[in-house]
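Novice: everything below, folded, please.
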Amino acid sequence: MPKPLIKDRQIIDDAWTLVRDAEAGAPAGPAILPLALWKTLRDSRAAADTGVWLAPADDPAELAGAAAELPVIAVDFPQFADGRGYSIGRLLRERYGFAGELRAIGDVLRDQLYPLEQVGFNAFSLREDRDPAKDIAGLHDFSLGYQQTFLRQQPLFRHAR
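Specialist: Numbering: from 1, shown residues only. Sure, this is the predicted structure:
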């Protein structure tokens, strides 16, 4: 049974298999691989069926040359209090020009959805104990933000009155 995914502010069935253990190898079909496994298999798998996920300690610069060909990059949030993935997401969008699906995985909760979207994430794989139908409302928790973000290129104080 496919797991639900919030993508582009809608709940859809997740068509991708997330491979957590590099030792397990890559399954047939669309798969999101850990960075080490992706680097090993990148030339032997179809680019359209291969995504990669980054751990908080991984350097997004390792994907700089491949950003245009990857359909999905996932960033792992192993615990709610680990915010390194926010920086990774913003770097992938702004510095490396990644335009595909940027997915948050791991310990992702409703409270994180809006700020994650502001730094460039457009897909969210919530924890198993969460209800996407309820948590999607987290994308609407704020109507206005003050600071400049990936989505809001100009801070509020710079807007004409």
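Novice: for the residue nearest the centre of the chain, give me its contacts.
Specialist: Closest residue to the average C-alpha location of the chain: residue 103 at 2.0 Å, with C-alpha atoms, centre = their mean. When contacts are counted by C-beta atoms under 8 Å, 6 or more residues apart in numbering, residue 103 touches 5, 7, 32, 53, 72-75, 121-125. For the C-beta atoms, the positions are set from N, CA and C on the backbone; glycine is no exception.
Novice: and the strand or helix carrying it, what's buried?
Specialist: Using DSSP states H and E, residue 103 falls within strand 101-106. Buried residues in strand 101-106, defined by neighbour count with 16 or more other C-beta atoms under 10 Å: 101, 102, 103, 104, 105, 106.
Novice: mind putting those residues into JSON lines with distance to residue 28?
Specialist: Below are these laid out as JSON lines (distance: C-beta to C-beta, whole Å):
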{"residue": "101", "distance to residue 28": "20"}
{"residue": "102", "distance to residue 28": "24"}
{"residue": "103", "distance to residue 28": "20"}
{"residue": "104", "distance to residue 28": "25"}
{"residue": "105", "distance to residue 28": "21"}
{"residue": "106", "distance to residue 28": "25"}
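Novice: and of the residues you listed, the nearest to residue 112?
Specialist: Closest to residue 112 out of the buried residues of strand 101-106 is residue 104 (7.1 Å), distances taken as C-beta to C-beta.
Novice: tell me what the closest one is bridged to.
Specialist: For residue 104, the beta-bridge partners are residue 75, residue 124 (DSSP bridges).
Novice: gap between the residue nearest to the centre of the chain and residue 44?
Specialist: Distance of residue 103 to residue 44, computed by C-beta to C-beta, to the nearest Å: 23 Å.
Novice: contacting residues around residue 47?
Specialist: Neighbouring residues of residue 47 by C-beta under 8 Å, 6+ apart: 69, 70, 71.
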